[in-house]
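K.L.:
whatever this is, show me its structure:
(one chain, ligands or ions: 1)
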Amino acid sequence: MSIVEEIKCPHCGAPIQFEPGEIIATCKYCGFTVVIETGQAFNFEHSMLLNKYDPAQIEEPIRDWMRSGFIKPSDLARKSKLIEKNLTYVPFWIVEVEAETTYKGIFERITPAVVKEGRIEKEYDWLVLAREATEFPTREYDVPLEGKIPYDFRKIEGFAKTLNSEIDKDEAVSLAKQQIEEHHRYLAQQDVDRIIEIKNNIKVSQTVYLHAPIWFIKYEYKGKTYQLIIDGSTGTAIKGDIPSTGFGIL
Ligand SMILES: [Zn+2]
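P.N.:
Below is the predicted model:
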């Protein structure tokens, strides 16, 4: 069990609970967001995405996912039992950047090998998970930013859980830069066989703190437990475990 600590909300005076390692916390009574270490208000944009489902309604996108695709067992939707349906508002940082990478490398696929130069220019709303230990497939989550609204605690359902941030803004920006550089290195490697030189210029225009409604589902199929993660604002499956269809040796 984790130790829960408390500070007093600077806005409404209610207790705000947080766990060790959390850096930014939101009051569940008034929505005030505070930097725990200083007790000061969080000064950056805090947004959220709205959840469209209650625990009964979420079954529809779950069954839809189970029925879709060719690699799933054909009786998956019929035979599965849902054993957990939890809605959690997961914190992310969205780092808006313009990224430019120039590189020089050796192209060895022709003889003789030649030196080749290239340039990658992209704009991103780069998503960084604001939790250290939470397992989440961040790169597979196509966050529907068009639905983003200012954070409103009244929109958080009573049955939902809200996680605080364990990563501050500066750390989020440096993680985003690091991940983008890795991604661009990967892209450059599709173009040249050996990189001799690579330079990145990443300009950050804005950083937004965002809570996104994520459904964590556990289901049972033929005696085994599997997980499924669904975006509560669109009903899209972000990632799901698929039981093997049992072809081959039984
Ligand atoms: Zn408060």
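K.L.:
how about the residues of this structure by the ion?
P.N.:
Contacts of the chain with the ion, taken as Cβ under 5 Å from the ion, map to Cys9, His11, Cys12, Ala14, Cys27, Tyr29, Cys30, Phe32. Quick note: C-beta positions are derived from backbone N, CA and C, even for glycine.
K.L.:
list the contacts of the helix of greatest length in the chain.
P.N.:
Ranked by residue count, the top helix of the chain under DSSP state H comes out as helix 169-189. Contact with helix 169-189 is made by 44, 93, 95, 97, 99, 101, 103, 105, 118, 120, 122, 124, 126, 128, 130, 167, 195, 198, 200, 202, 204, 207, 209, as judged by Cβ atoms under 8 Å, 6 or more residues apart in numbering.
K.L.:
could you tell me which of those residues count as buried?
P.N.:
93, 95, 97, 99, 101, 103, 105, 118, 120, 124, 126, 128, 130, 167, 198, 202, 207, 209 (16 or more other Cβ atoms under 10 Å).
K.L.:
just these: which are in strands?
P.N.:
93, 95, 97, 99, 101, 103, 105, 118, 120, 124, 126, 128, 198, 202, 207, 209 (DSSP state E).
K.L.:
and the first one, bridged to which residues?
P.N.:
With DSSP bridges as the criterion, Trp93 is bridged to Val128, Tyr209.
K.L.:
contact partners for it?
P.N.:
Trp93 makes contact with 127-128, 130, 165, 167, 169, 172-173, 176, 207-210 under the criterion Cβ under 8 Å, 6+ apart.
K.L.:
Ile110 sits in which helix or strand?
P.N.:
Per DSSP states H and E: Ile110 is located in neither a helix nor a strand.
K.L.:
bridging residues for Lys218?
P.N.:
Lys218 has these beta-bridge partners by DSSP bridges: Glu84, Gln227.
K.L.:
surely it touches Ile229?
P.N.:
No: judged on Cβ atoms under 8 Å, Lys218 makes no contact with Ile229 at a distance of 10.5 Å.
K.L.:
which of the two has more neighbours?
P.N.:
Looking at Lys218 and Ile229 with other Cβ atoms under 10 Å, you find the greater number of neighbours at Ile229, namely 21 against 15.
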